[in-house]
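>>> using only what follows, build the 3D model:
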Amino acid sequence: MRAWIAFWNIFKKDVQTYYLKPPNISWGIIFPFSWTLMQLVRTPAADDTDLRSLLPGLVAMSILFGTTSMVAVTITFEKRSRSFDRLLTAPISLTTLVLAKMAGAVFFGALMACLPLLVGAFIVDLSGLNWAVAALGIWLMSISSAFLGLAIAVSAKEVFEAQTYANFFRFPMLFLSGFFLPIHSLPWLLRLLSYCLPLTYGADLLRWALVQAGDFHPGLDLAALAGFSTLLFSYCRWSITRKWIL
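Got it, this is the predicted structure:
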């Protein structure tokens, strides 16, 4: 029971304190929202199918930037104020602490995933959307992206450093995860790299939900996202233990 109380209070404090920080607004909200508008309104003559095919990538991009921005703000601010040090000495397990810190980022990323869907609902017909598959894909992508952001944030001392480091991963992933270019059209070396990115499988799962087509089987997408989340969580826990966030 004590673990759940600690989890809830850490989650609530992060939501109240960090959601409206400027880096979250700029990178987590404004950037994905502006990209969504640009992509959906740039070709007014495109048919409904073409516009629907853009949404999986836009949703995945919103999740990626939303979660990593949230983690960068949360961890670096608390490292600077040394409040994370106090949490590390609290009588809760490190696993509970990591999951609680990531819960806010996961929730923020899932919330940002709604932006492209809300904008798209005014432009394209979403009546055929498989909401169960979409929701599962959004949550798994949010989890894996949050742990990716944590793995980056533990190496930074300031928010701008964490955002800069994150951009080295985020922007290449936009072009290697099948958002704008089909994976099969990439050179073989880049194609192999795309198979090592969690968002490749997240965007593919959303394509199954939106247009009932994808490069992989939905079961493989789910297994890959779960596997990436587990690996990234293990790495983050090991990294926090080793560096002790001091």
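>>> let me know how buried Pro218 is, in neighbour terms.
A count of neighbours around Pro218, defined by other C-beta atoms under 10 Å, yields 18. All C-beta atoms are positioned from the backbone trio N, CA, C, and that covers glycine.
>>> repeat for Phe31
Phe31: 17 neighbours (other C-beta under 10 Å).
>>> in which helix or strand would I find Tyr235?
For Tyr235, the element it lies in under DSSP states H and E is helix 218-243.
>>> so what does that helix touch, helix or strand wise?
Helix 218-243 is packed against helix 94-121, helix 131-153, helix 198-211, with contacts defined by 3 or more C-beta pairs under 8 Å, 6 or more residues apart in numbering; DSSP states H and E.
>>> does Ala209 touch Ile138 like I think?
No: look at Ala209 against Ile138 with C-beta atoms under 8 Å: they stay out of range, at 9.2 Å.
>>> quick one, which of the helices and strands packed on helix 218-243 is packed in tightest?
helix 198-211 (a mean of 26; mean count of other C-beta atoms under 10 Å).
>>> pull that helix out as PDB, backbone CA atoms only.
Only the C-alpha atoms of helix 198-211 are listed here, as PDB (Å, rounded to 0.1, in the frame of the first residue of the first chain):
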ATOM      1  CA  PRO A 198      10.700   1.100 -31.300                       C
ATOM      2  CA  LEU A 199       8.700   3.800 -33.100                       C
ATOM      3  CA  THR A 200       9.000   1.800 -36.300                       C
ATOM      4  CA  TYR A 201       6.700  -0.900 -34.800                       C
ATOM      5  CA  GLY A 202       4.500   1.700 -33.000                       C
ATOM      6  CA  ALA A 203       3.700   3.600 -36.200                       C
ATOM      7  CA  ASP A 204       3.100   0.300 -38.000                       C
ATOM      8  CA  LEU A 205       0.600  -0.800 -35.300                       C
ATOM      9  CA  LEU A 206      -1.200   2.500 -35.800                       C
ATOM     10  CA  ARG A 207      -1.300   1.900 -39.500                       C
ATOM     11  CA  TRP A 208      -3.100  -1.300 -38.800                       C
ATOM     12  CA  ALA A 209      -5.600   0.600 -36.600                       C
ATOM     13  CA  LEU A 210      -6.200   3.400 -39.100                       C
ATOM     14  CA  VAL A 211      -5.800   1.900 -42.600                       C
END
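>>> list the helices and strands that helix packs on?
helix 48-81, helix 131-153, helix 218-243.
>>> low-scoring stretches of the protein, by residue?
Applying pLDDT under 70 to the chain flags the ranges 1, 23, 27-28, 40-51, 81, 84-85, 88, 243-246.
>>> how does it look with 50?
By pLDDT under 50, the low-scoring segments of the chain are 45, 245-246.
>>> show me the contacts for the residue nearest to Pro56 when sequence neighbours are not counted.
Of all residues not flanking Pro56 in the chain, Leu206 sits nearest, at 3.6 Å (C-beta to C-beta, 6 or more residues apart in numbering). The contact partners of Leu206, by C-beta atoms under 8 Å, 6 or more residues apart in numbering, come to 55-56, 59-60, 133-134, 137-138.
>>> how about Ser53?
For Ser53, the contacting residues are 207, 210-211, by C-beta under 8 Å, 6+ apart.
>>> please apply the same query to Trp8.
With contact set as C-beta under 8 Å, 6+ apart, Trp8 has no partners.
>>> can you pull the phi/psi pair for it?
When read as degrees, to the nearest 10, the backbone of Trp8 gives phi -60, psi -40.
>>> correct me, but Gly202 touches Thr67?
No: with contact defined as C-beta under 8 Å, Gly202 and Thr67 do not form a contacting pair (11.4 Å).
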